[in-house]
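Undergrad: just need the structure, nothing else, for what follows:
(2 chains)
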Amino acid sequence: DAGVIQSPRHEVTEMGQEVTLRCKPISGHNSLFWYRQTMMRGLELLIYFNNNVPIDDSGMPEDRFSAKMPNASFSTLKIQPSEPRDSAVYFCASSPRTGTYGYTFGSGTRLTVV
Amino acid sequence: GNSVTQMEGPVTLSEEAFLTINCTYTATGYPSLFWYVQYPGEGLQLLLKATKADDKGSNKGFEATYRKETTSFHLEKGSVQVSDSAVYFCALSDPLRTGTASKLTFGTGTRLQVTL
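TA: Next comes the predicted model:
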């Protein structure tokens, strides 16, 4: 298995531009999670999906952030408009349905907003 | 709510030293407990886990024992190597959700630096 695949690995964009981050979970995993990691705040859960349905988006910082999961093999996290304070590493993770498994994380997207 | 508390880092050790990274948790019910490791520039990787009290998780020379009486899951390794330098995260699963993947609560991470 190729693991959780995220793209792009690095993204540099100008303030105000739209940014879309992509994630392909492991086949057969029913849950998908988006995390943001910064030095100041550590690892923050933004949103998670079970069976393509958003379950908890309370971690999404504001309306500029949106996430979708149109099917079991693809998810996007969009920031529009982007701001310098959005600069962080964004991780996607997936997990099988039942509860005692941990997550498998992707390698992350390092976003820099200038 | 659930929470995980890890010792502050960074932890700096010489190669072959003994490692302990403390982790305590607060949760209702009986969570599963995990240690993840993050190497520079990479995502988090599952290092080991324990799903019930007194279970010992182990991998790559690392061990942690699920202690319900002290609500702890301390990470240990008898002899660290330079290649163990990374950030280590303790986490617990939400024991209340059934039929779905559990939501993990992570600690803040502890940076380990091993020198020659």
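
Undergrad: wait, B:Leu44 touches A:Ser107, no?
TA: No: look at B:Leu44 against A:Ser107 with CB atoms under 8 Å: they stay out of range, at 10.1 Å. C-beta coordinates here come from the backbone N, C-alpha and C atoms, glycine included.

Undergrad: name the residue in those two with the higher neighbour count.
TA: Legend: neighbour count by other CB atoms under 10 Å in any protein chain shown for B:Leu44 and A:Ser107, higher for B:Leu44 (29 against 17).

Undergrad: ok, the more buried one to chain A distance?
TA: 5 Å (CB to the nearest CB, to the nearest Å).

Undergrad: can you tell me the centre-most residue of chain A?
TA: With distances taken as CA atoms, centre = their mean, A:Trp34 lies nearest the centre of chain A, 3.2 Å away.

Undergrad: can you read off the pLDDT for that residue?
TA: Looking at A:Trp34, its pLDDT reads 96.

Undergrad: grab the nearest non-local neighbour of it.
TA: Among residues not flanking A:Trp34 along the chain, A:Leu46 sits closest, at 4.4 Å (CB to CB, 6 or more residues apart in numbering or on different chains).

Undergrad: for that neighbour, give me its contacts.
TA: For A:Leu46, the contacting residues are A:Trp34, A:Tyr35, A:Arg36, A:Asp57, A:Gly59, A:Met60, A:Pro61, A:Phe65, A:Ala67, A:Leu77, by CB atoms under 8 Å, 6 or more residues apart in numbering or on different chains.
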